[in-house]
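Q: 3D model of this:
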Amino acid sequence: MIQLNKLVRDKVPSLVTKDGGSYSLKLLSPLEHQHEITNKLFEELSEYSTASGKVEALEELVDIVELIYAAVKLHDVSLEEFESIRSAKKKLKGGFEKGIFLNEISNNDE
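A: Prediction:
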């Protein structure tokens, strides 16, 4: 038996039994779920940062987005409300498309 002890996608248990395997699982409390989503985000970010090629990178990004959607629901926010917040912040501060890397700033009184 392989010990995983990590958050997996919702259909993984049925895929295991479809392939003739068995499993044990635990349904997480909302607080545990949030903690494990955070852990899984770090795992997926690490995999994205070491992805070799476009397809692998996109697969990791898809996992990251799916985890973000799950986290949004845990905060009792609809995806529409989340998108509205995201859009408003982008309108106010912009996105990250241009690749701007800010080295330093100074105040007018310096």
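Q: For Glu83, grab the count of nearby residues.
A: Using other CB atoms under 10 Å, Glu83 has 11 neighbouring residues. C-beta coordinates here come from the backbone N, C-alpha and C atoms, glycine included.
Q: what's the answer for Leu15, then?
A: 12.
Q: tell me which element it is part of?
A: helix 12-18 (DSSP states H and E).
Q: okay, that helix in CSV with CA atoms only?
A: Taking C-alpha atoms only, helix 12-18 is exported to CSV below (Å, rounded to 0.1, in the frame of the first residue of the first chain):
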residue,chain,number,x,y,z
VAL,A,12,-9.4,10.0,-7.6
PRO,A,13,-10.9,7.5,-5.3
SER,A,14,-13.4,6.2,-8.0
LEU,A,15,-10.5,6.1,-10.4
VAL,A,16,-8.5,3.9,-8.0
THR,A,17,-11.4,1.4,-7.6
LYS,A,18,-12.0,1.5,-11.4
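Q: Tell me the helix or strand right after that helix.
A: Immediately after helix 12-18, counting by DSSP H and E, sits helix 30-49.
Q: Which strands or helices does that following helix pack on?
A: helix 54-74 (3 or more CB pairs under 8 Å, 6 or more residues apart in numbering; DSSP states H and E).
Q: any residues touching the helix it packs on, and which ones?
A: Contact with helix 54-74 is made by 9, 30, 33-34, 37, 40-41, 44-45, 47-48, 51, 78-79, 82, as judged by CB atoms under 8 Å, 6 or more residues apart in numbering.
Q: List the buried residues in that helix.
A: 60, 63-64, 67, 70-72 (16 or more other CB atoms under 10 Å).
Q: Now for those: which two are most distant?
A: Pairwise distances among the buried residues of helix 54-74 were taken by CB to CB; the largest, 19.0 Å, belongs to Glu60 and Val72.
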